[in-house]
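Chemist: sequence-free structure coming up:
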């Protein structure tokens, strides 16, 4: 009887887990953002950096863009649709002046197609524009990392799909970090990365700062009245 009861409990737990949204894994991280917002409310109309671990690990982002107010809401390991799913909780309350999104790295690693990534980005833009119609959005291209060198063709294709989509939209910009991070041989370079070959070192972030700064400063500065 005890064995049967244990099996029933295990089955019940499995069914409950299977019925959860795949996004529910991030609930603790999102709840932590909300708790932090209650304790220390972030500035309204800032530049919001959002996405996966390349954003989460960017601890110096506010200091790196001193001419604008910045909020970092990266949560490592996330895919693009996670940011869309939680947009009502970690984008809408801030009414950001501009959004910098880095996502797609994990999507491609998980086997998502280039078209799916493009469609997920379009869904993100649509979602955000439902509550902030004029917000400027920058998609930072998927980086060519050493750890995911074997996925370079898929990454290149996904970037091109997003670039083409962005070109058809108003105030949506594709920012190419992919090409500048390649070596003369067209391959990823170790110099941008820490030992895991996936996450960037300060040299990598310095490159990103130079590439992003013109867009961030242009769209993030408060317009004088």
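Modeler: Arrived safely, thanks for sending. Worth saying up front: this structure is predicted, and the values here are computed from it rather than measured. Residues are numbered from 1 along each chain as shown.
Chemist: Quick one: residues contacting the residue nearest the centre of the chain.
Modeler: Nearest to the geometric centre of the chain sits residue 51, at 1.8 Å (CA atoms, centre = their mean). By CB atoms under 8 Å, 6 or more residues apart in numbering, the residues touching residue 51 are 74, 78, 80, 83, 101-103, 140. Yep, even glycine has a C-beta here, placed from its N, CA and C like the rest.
Chemist: next one: residue 211
Modeler: For residue 211, the contacting residues are 175-177, 180, by CB under 8 Å, 6+ apart.
Chemist: Likewise for residue 59?
Modeler: Residue 59 makes contact with residue 72, according to CB under 8 Å, 6+ apart.
Chemist: Need the three-state assignment for it.
Modeler: Three-state call for residue 59 (DSSP: H, G, I helix; E, B strand; the rest coil): coil.
Chemist: my read: residue 83 touches residue 55, true?
Modeler: No - counting by CB atoms under 8 Å, residue 55 is not a contact partner of residue 83; they are 9.7 Å apart.
Chemist: thinking again about what came up before, export the contacts of residue 211 to CSV and tack on neighbour count?
Modeler: Below are the contacts of residue 211 laid out as CSV (neighbours: other CB atoms under 10 Å):
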residue, neighbour count
175, 20
176, 13
177, 22
180, 14
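Chemist: Next step: these restricted to helices.
Modeler: residue 180 (DSSP state H).
Chemist: Closest to residue 185 out of the contacts of residue 51?
Modeler: Top of the list for closeness to residue 185, among the contacts of residue 51 and by CB to CB, is residue 140 at 23.2 Å.
Chemist: can you count the residues close to the closest residue to that closest one other than its chain neighbours?
Modeler: Among residues not flanking residue 140 along the chain, residue 102 sits closest, at 4.3 Å (CB to CB, 6 or more residues apart in numbering). Other residues within reach of residue 102 by the criterion other CB atoms under 10 Å amount to 27.
Chemist: From residue 183, how far out is residue 102?
Modeler: Per CB to CB, to the nearest Å, residue 102 is found 21 Å from residue 183.
Chemist: do the same with residue 57
Modeler: Between residue 57 and residue 183 the distance is 23 Å, computed by CB to CB.
Chemist: for residue 133, same thing?
Modeler: Taking CB to CB, one finds residue 133 at 41 Å from residue 183.
Chemist: cool, and residue 88?
Modeler: Distance of residue 88 to residue 183, computed by CB to CB: 41 Å.
Chemist: What of residue 97?
Modeler: 36 Å.
Chemist: Neighbour count for these two, which is higher?
Modeler: Higher neighbour count among residue 97 and residue 183: residue 97, with 22 against 11, using other CB under 10 Å.
Chemist: Need the per-residue pLDDT for the nearest residue to that one once chain neighbours are set aside.
Modeler: In space, and not counting its chain neighbours, residue 97 is closest to residue 45: 4.5 Å by CB to CB, 6+ apart. In this model, residue 45 is scored at 93, pLDDT.
Chemist: Surely residue 45 is within a helix?
Modeler: No - under three-state DSSP, residue 45 falls outside any helix and is assigned coil.
Chemist: per-residue pLDDT, the residue nearest to the centre of the chain?
Modeler: 97.
Chemist: and it, what are its bridge partners?
Modeler: residue 74, residue 102 (DSSP bridges).
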